[in-house]
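[1] Kindly generate the corresponding structure for this input.
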Amino acid sequence: MIAAPPPAPAARAAFFGLAAAQARYVVERGDWSGAARLEVTPSAFSEAMAMTHFARALGAARSGELEAAKADIARLAALRDRLREEKNAYWAEQVDIQWKVASAWR
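    Numbering: from 1, shown residues only. Model prediction:
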């Protein structure tokens, strides 16, 4: 079986940039219900998916939807742990910060 090559660095930047732009648009406007309804784009890049789960968790918590926030906070923890397993210390730390902030808002 032939192993697939790793994704190109430009793909990582593209997935993260798209997720970050969508998350920041709703969060910076205080559109909490919009943030809670963001769709997570499946990706090979945990940090990109974490950005959306973070915005969703914030939005749900700020909207009083505590169970929805709990689900996204759990997903942040799983993504953080995956990044740790991949030895991606920088992004593991960033997602841990997101986890802590979302947990505090919940």
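[2] May I have the phi/psi pair for residue 87?
    For residue 87, the backbone dihedrals are phi 60, psi 30 (criterion: degrees, to the nearest 10).
[3] next one: residue 31
    Per-residue torsions, residue 31: phi -90, psi 80 (degrees, to the nearest 10).
[4] what sits against it?
    The neighbours of residue 31, taking Cβ atoms under 8 Å, 6 or more residues apart in numbering as the test, are residue 59. Glycine gets a C-beta too; all of them are placed from N, C-alpha and C.
[5] hang on, residue 16 packs against residue 46?
    No: using Cβ atoms under 8 Å, residue 16 makes no contact with residue 46, being 10.2 Å away.
[6] if you count what's nearby, which of those two comes out ahead?
    Under the neighbour definition other Cβ atoms under 10 Å, residue 16 and residue 46 were set side by side, and residue 46 has more, 22 against 18.
[7] What's the separation between the more buried one and residue 62?
    24 Å (Cβ to Cβ, to the nearest Å).
[8] Flag the shaky bits of this protein, pLDDT-wise.
    1, 4-7 (pLDDT under 70).
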